[in-house]
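Novice: structure for this input, please:
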Amino acid sequence: MNYAVALSILSEPTVTGDTKILIGIRTPEANAVHQNVASVPTERIPRALFDAIAARASLHAPYTDRNARPGNEPTTYAVKSVLAQKLCVGHRLELGKISFIAAPRAVSRGITPILQDGDAAVEWTMAHIAVCFSGERFITEGTVSYSDITWMTVADFISKADDKEGFVFTDKRSHRIGGLCVSNTAAWLKEAIR
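Specialist: Next up is the predicted model:
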């Protein structure tokens, strides 16, 4: 079994169709599988960390403030790790120029639906964390993990995730949007909007 965390980086804590969500295009250099696919920021995590986050997952879990809870709190730790490693804002976090609130919203399990030549089907268990933070301006156009980073409305994200042929257009190029992280993020967002 593989364990991962998927961040739903949102423009506001209350989820509506107009709320913005951050997505990126997975680079071939940093992603052995699912290259050039639109995704929410994800990272593999150890089972112990997953279990600690999953135990708190709920659509109604309160947001925790990164500044009020130390980095050793499981949800805060996982968010800081993804922001630092995948979105390359670790130095801004360290200097206190970015702060965030986060809440584990859902847990999902499944086999990754996007397979490329030579990929083997892999089962994943994923914790989905909603994140809202100040410091959007520190997110760059791209990082080593994500070639393009952009915001889209939650309504558009859900629509494209539900459409098996859905595409996200960035820099005049189209990319498939999909994967377990996207489909299951869309599922919890749908529940949150209801």
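Novice: going by contacts, tell me the helices and strands next to the helix ranked longest in the chain.
Specialist: For the chain, the longest helix by residue count, based on DSSP state H, is helix 180-193. Where contact means 3 or more C-beta pairs under 8 Å, 6 or more residues apart in numbering; DSSP states H and E, helix 180-193 is packed against strand 2-9, strand 38-39, strand 99-111, strand 123-134, helix 154-162. C-betas here are computed from N, CA, C, even on glycine.
Novice: with just CA atoms, put it into CSV.
Specialist: Provided in CSV are the C-alpha atoms of helix 180-193 (Å, rounded to 0.1, in the frame of the first residue of the first chain):
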residue,chain,number,x,y,z
LEU,A,180,-6.7,9.6,-8.2
CYS,A,181,-5.7,12.8,-6.4
VAL,A,182,-7.9,14.8,-8.8
SER,A,183,-10.9,12.5,-8.8
ASN,A,184,-11.0,12.2,-5.1
THR,A,185,-10.3,15.9,-4.5
ALA,A,186,-13.3,16.6,-6.7
ALA,A,187,-15.4,14.1,-4.7
TRP,A,188,-14.8,15.8,-1.4
LEU,A,189,-15.2,19.3,-2.9
LYS,A,190,-18.7,18.2,-4.3
GLU,A,191,-19.7,17.1,-0.8
ALA,A,192,-18.4,20.4,0.7
ILE,A,193,-20.5,22.5,-1.7
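Novice: buried sites along that helix?
Specialist: Within helix 180-193, the residues scored as buried using 16 or more other C-beta atoms under 10 Å are 180-189, 192.
Novice: that one vs strand 99-111, what angle?
Specialist: 120 degrees (axes from the mean of the first three to the mean of the last three C-alpha atoms, to 10 degrees).
Novice: quick one: contacts of helix 180-193?
Specialist: For helix 180-193, contacts defined as C-beta atoms under 8 Å, 6 or more residues apart in numbering pick out 4, 6, 8, 15-17, 21, 38-40, 42, 59, 105-106, 108, 110-113, 124, 126, 128, 154, 157-158, 161-162.
Novice: please redo it, this time with the cut-off set to 6 Å
Specialist: Contacts to helix 180-193, defined as C-beta atoms under 6 Å, 6 or more residues apart in numbering, come from residues 6, 8, 15, 39-40, 42, 59, 105-106, 108, 110, 112, 124, 128, 154, 158, 161.
Novice: equivalent analysis for stretch 79-92, please.
Specialist: 7, 41, 43, 71, 93, 98, 102, 131, 138-139, 143, 145.
Novice: where does this protein dip in pLDDT?
Specialist: Filtered on pLDDT under 70, the chain yields the residue ranges 66-71, 113-120, 135-138, 140, 164-173.
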